[in-house]
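Novice: What would the 3D arrangement of this be:
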Amino acid sequence: MNNQMKSRKTDITPQTKIAALIEDYPQLEEILIKLAPEFKKLRNPLMRKTIAKLATLQQAAEISKLPVSTLVNELRKVAGQDQLLGKIHWKIDRTSDKPEWVSGGSIKMELDARSIIERGEHPIGEVTDHLKLLKENQLFVLITSFIPAPLIELAGEKSYKSWTTEESPEVVKTYFAKNNNTDKK
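Specialist: Numbers count the residues shown, from 1 in each chain. You can find the predicted model right below:
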């Protein structure tokens, strides 16, 4: 029976959701926090219910500025899984040049979510509400202290484009706009 239970556990990959990882391997929570200190907020029940269910290990690596292979392989090692050598790639575009759509757009709204996140809350509802109000050539700017990878991915799935710049270690600005090249759902 122990082998059956073990075989049902999550295979740890860059796409593994943090909630599934911690549910199947509770001992990995402290290792994840050690490798990616930004995730110490997972100890907050509200953050665990929101961010942990949305964020993948790939996004955790992006937020923590770690190679995804380092994070995933360390967690796999502790969980008793084989290493994933040469099989891990970044999904988020990390270009540094400001896109023309950001330079040519006008900022309609800005949300400094740092205090919201510090309170242990998640700004996802506010962000999606602001995105829905955007018209052509309008920008929404989200300010955080880290790259909001889960929100970037969620916005992309909803036909919004984004570009992120780190202005300082505590100020990360992510610009969002309607993606006019994508069919509406």
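
Novice: Now find how far off-centre stretch 142-149 is within its chain.
Specialist: Its chain's C-alpha centre and that of stretch 142-149 lie 9 Å apart, by CA atoms, centre = their mean, to the nearest Å.

Novice: Stretch 45-62 too?
Specialist: 7 Å.

Novice: Buried residues, that stretch. List them.
Specialist: Residues 47-48, 50-52, 54-62 are the ones in stretch 45-62 that count as buried (16 or more other CB atoms under 10 Å). Glycine gets a C-beta too; all of them are placed from N, C-alpha and C.

Novice: Looking at these, which one is closest to residue 72?
Specialist: For those, the residue nearest residue 72 by CB to CB is residue 57; the value is 5.5 Å.

Novice: Show the contacting residues for the closest one.
Specialist: 12-16, 18, 21, 68, 71-72, 75 (CB atoms under 8 Å, 6 or more residues apart in numbering).

Novice: Redo the buried residues of stretch 45-62 as TSV? Include secondary structure and distance to residue 129.
Specialist: Output for the buried residues of stretch 45-62, formatted as TSV (DSSP: H, G, I helix; E, B strand; the rest coil; distance: CB to CB, whole Å):
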residue	secondary structure	distance to residue 129
47	helix	20
48	helix	23
50	helix	16
51	helix	18
52	helix	22
54	helix	17
55	coil	21
56	strand	24
57	helix	28
58	helix	26
59	helix	22
60	helix	26
61	helix	29
62	helix	24
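
Novice: In JSON lines: those residues, plus pLDDT.
Specialist: As requested, the buried residues of stretch 45-62 are exported to JSON lines (pLDDT from 0 to 100):
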{"residue": "47", "pLDDT": "74"}
{"residue": "48", "pLDDT": "75"}
{"residue": "50", "pLDDT": "75"}
{"residue": "51", "pLDDT": "76"}
{"residue": "52", "pLDDT": "80"}
{"residue": "54", "pLDDT": "80"}
{"residue": "55", "pLDDT": "84"}
{"residue": "56", "pLDDT": "86"}
{"residue": "57", "pLDDT": "89"}
{"residue": "58", "pLDDT": "85"}
{"residue": "59", "pLDDT": "84"}
{"residue": "60", "pLDDT": "86"}
{"residue": "61", "pLDDT": "85"}
{"residue": "62", "pLDDT": "81"}
